[in-house]
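Engineer: Sequence unavailable; structure follows:
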């Protein structure tokens, strides 16, 4: 098990854009994917949260997202498009600031195109929770954090204070 340190809000690497993964890097990604899995599961055990993690959150500056909801899914070089005009408002959380929630607006639906660990190309229509989750993770790949998407100056809450 290789639990990596999650980069926290304020770490300048979180603001950097990631490089695309090339096909010849696939073999070296297996360890990164295992590290993402182990790190997310450790976070989940501590915070009872965590559905996905982006590679830059553990300092790997590649366009790679690991998600584990019902089953593990790896998104290599994901691209979001066909974003709906319909928006949803939600309290976004992030492993890089585990006790802070940020109210943001996300597209209700979108389409994601990505490659898997066998370099097969996939396209999937997303809506609701899955749409917002992958918008959040893809933002990480572009060096964008939820705090930058806050609706206004009052769109922040400590997790412990949200429902008081």
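Structural biologist: Arrived safely. Because the structure is a prediction, the values reported are computed rather than measured. Numbering: from 1, shown residues only.
Engineer: use CA for all of it now, contacts and neighbours both
Structural biologist: Will do.
Engineer: show me the contacts for the residue nearest in space to the middle of the chain.
Structural biologist: Residue closest to the mean C-alpha point of the chain, counted by Cα atoms, centre = their mean, is residue 137 at 2.2 Å. With contacts defined as Cα atoms under 8 Å, 6 or more residues apart in numbering, residue 137 is in contact with 52, 53, 54, 65.
Engineer: Serialize these to CSV and add fields for pLDDT.
Structural biologist: Listed next are the contacts of residue 137 as CSV, based on pLDDT from 0 to 100:
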residue, pLDDT
52, 98
53, 98
54, 98
65, 98
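Engineer: in a strand, that's where the residue nearest to the centre of the chain is, yeah?
Structural biologist: No. Per DSSP: H, G, I helix; E, B strand; the rest coil, residue 137 lies outside any strand segment and is helix.
Engineer: hang on, the earlier thing: type out the ChimeraX command that picks the buried ones from the contacts of residue 137.
Structural biologist: Selection command for ChimeraX covering only the buried members of the contacts of residue 137, criterion 16 or more other Cα atoms under 10 Å:
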select :52,53,54,65
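Engineer: I'd like to know which of the contacts of residue 137 is nearest to residue 133.
Structural biologist: residue 52 (7.6 Å; Cα to Cα).
Engineer: residue ranges of the strands in the chain, please?
Structural biologist: Secondary structure of the chain (DSSP state E): strands located at 52-54, 64-68, 72-81, 87-94, 97-107, 109-115, 121-127, 156-158.
Engineer: Can you say which of those is nearest to residue 39?
Structural biologist: Across those (criterion: Cα to Cα), the nearest stretch is strand 52-54, sitting at 8.6 Å.
Engineer: what residue ranges in the chain score low on pLDDT?
Structural biologist: Residue ranges of the chain with pLDDT under 70: 1, 164.
Engineer: Can you check which helix is longest in it?
Structural biologist: Criterion DSSP state H: the longest helix present in the chain is helix 26-47.
Engineer: Return the list of helices and strands in contact with it.
Structural biologist: Applying 3 or more Cα pairs under 8 Å, 6 or more residues apart in numbering; DSSP states H and E, one finds that helix 26-47 contacts strand 52-54, strand 64-68.
Engineer: Would you format the ones you listed as JSON lines with distance to residue 149 included?
Structural biologist: Converted to JSON lines, those look like this (distance: least, Cα to Cα, whole Å):
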{"stretch": "strand 52-54", "distance to residue 149": "17"}
{"stretch": "strand 64-68", "distance to residue 149": "20"}
